[in-house]
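In: Please find the sequence and the predicted model below.
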Amino acid sequence: MSLNWDDLRIFLAVAREGNLSAAARSLRVTQPTVGRRLRALEQRLAARLFDRLSEGFVPTVAGAELLPLAEEMERSAEALERRQASLADTVSGTVRISVMEAMARFLAEFMLDLRGRLPEIEIELAFTHLGANLSKREADLLIRECMPDNPGLIARKLGDLSYAIYGEMGLVERNPATRGEARYRECPWVGYDEEHSHFTDQQWLLERLAGRVPAVRVNNGLVLHEAVRRGAGLGVLPCLAGDWDPALVRLTPPLAELDSTQYLIVHRDLRRTPGVRAVMDELVVLFQREAHRLTGHVEGVAKTA
C-alpha cells in the first residue's frame, strides 16, 4: 500500500487546525477537497483517524500514532524542496525577503539597481512583524535584529541601525518644548498600540512618558512615520527613514540605547543556492555602502534641532 503525500498533508492540516474549513484555508484548497481526501486516506488505511466531536476533529488512537510519522515525512519533504533549490546552477528564480516595515521601504529604494545587477532574479519583499518560517520556505531570507536560535539557520551581520526622535517642521517651530526634556511631559506623541508595546523603541518611549501614552497609536511603522510627518506628534523613527524626509526635523542625536544590529538569516540548505547567494552578496554590499545612513551619520541631512 502506497500513501499519497498530499493526503498526509490534508491529515496534518486537520490535526493542527481542528476542523475542515480552517485546514482548507491553510492549504488554500476547498473544504470539500479536504473532506474527500481525508475520507480516502481513512479508507486506504482502513482506520478512522479523527473523532468528529462538537469541539472539532480530535485524533483517534490511530490518528495519534500516524501524526509523528506524517510530521517526519513533512520535514523530509521540506528538506527535499530546499535541497532541490540548491541544486540549480543558474542565478535565476524568485528570492523572497522577509523584513520589517522601515527596512522594506529602505530596500525598495534600491530594487531598480539590484534588478539591474541580477536581471534573471525576481524579488519578493514582504514586511511582517513575525519572522517567516525559512524551513517551510515562507521566505528565503530574513533581515532581523535578533540572532536565530534554530540550528538550521545561519546569520550574518549586515550592519547597525539607529533611531532618533523626529517632529514635523511646523510642529517643532511652533512648540519650543519639542527641543528639550519637556517634550516628554508637554508634547503629543505618535507610538505603537498595546499589541506592539514590546517593541524596544516603544518601551523606551513609554518609560520617558512616565504614565502618559502616545496620543496617536498605530500597529505599523510606515503609518507611524506618516502620522509624525503630518504633525500628529513626535515619534521615534529609524534614522534611515527620518533623516531623509524633508518634512521632518531630527530632535536628538541617534539614541544609543536603541541601536540594533541587523542580521541576514538564511537556512543552511539554501545558502549555496545561486540565486539566494547572489542576493545575499548584493545585500551585504548595499548595507556596507549605506552604513552612514543606517546609523544616522549623514552630513547635511536632517540636522538635529
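Out: Great, that's in hand. Residues are numbered from 1 along each chain as shown.

In: How far does the helix or strand bottoming out on mean pLDDT in the chain sit from its chain's centre?
Out: Within the chain, confidence by mean pLDDT, DSSP states H and E is lowest for helix 61-86 among all helices and strands, at a mean of 78. Relative to the mean C-alpha coordinate of its chain, helix 61-86 is positioned 25 Å out (Cα atoms, centre = their mean, to the nearest Å).

In: doesn't Y263 make contact with C146?
Out: Yes. With contacts counted by Cβ atoms under 8 Å, C146 reaches Y263, the gap being 7.4 Å. Quick note: C-beta positions are derived from backbone N, CA and C, even for glycine.

In: And for D113, the neighbour number?
Out: 11 (other Cβ atoms under 10 Å).

In: Next up, the contacts around it.
Out: Listed by Cβ atoms under 8 Å, 6 or more residues apart in numbering, the contact set of D113 is empty.

In: mind checking pLDDT for it?
Out: D113 carries a pLDDT score of 93 in this model.

In: which secondary structure element contains it?
Out: Under the criterion DSSP states H and E, the helix or strand holding D113 is helix 111-117.

In: List the buried residues for that helix?
Out: In terms of neighbour count (16 or more other Cβ atoms under 10 Å), helix 111-117 has its buried residues at L114.

In: isn't R230 right up against G167?
Out: No. Taking contacts as Cβ under 8 Å, R230 lies outside contact range of G167: 11.1 Å.

In: Pass me the low-pLDDT residue ranges in the stretch 201-305 of the chain, would you?
Out: Within the stretch 201-305 of the chain, the ranges that satisfy pLDDT under 70 run 299-305.

In: And the strands in it, which stretches?
Out: Residue ranges of the strands in the stretch 201-305 of the chain, as given by DSSP state E, counting those that start in this stretch, are 216-218, 235-238, 248-250, 260-267.

In: ditto for the stretch 1-150 of the chain
Out: Listed in chain order, the strands found in the stretch 1-150 of the chain under DSSP E, counting those that start in this stretch are 50-53, 56-59, 93-99, 121-127, 141-144.
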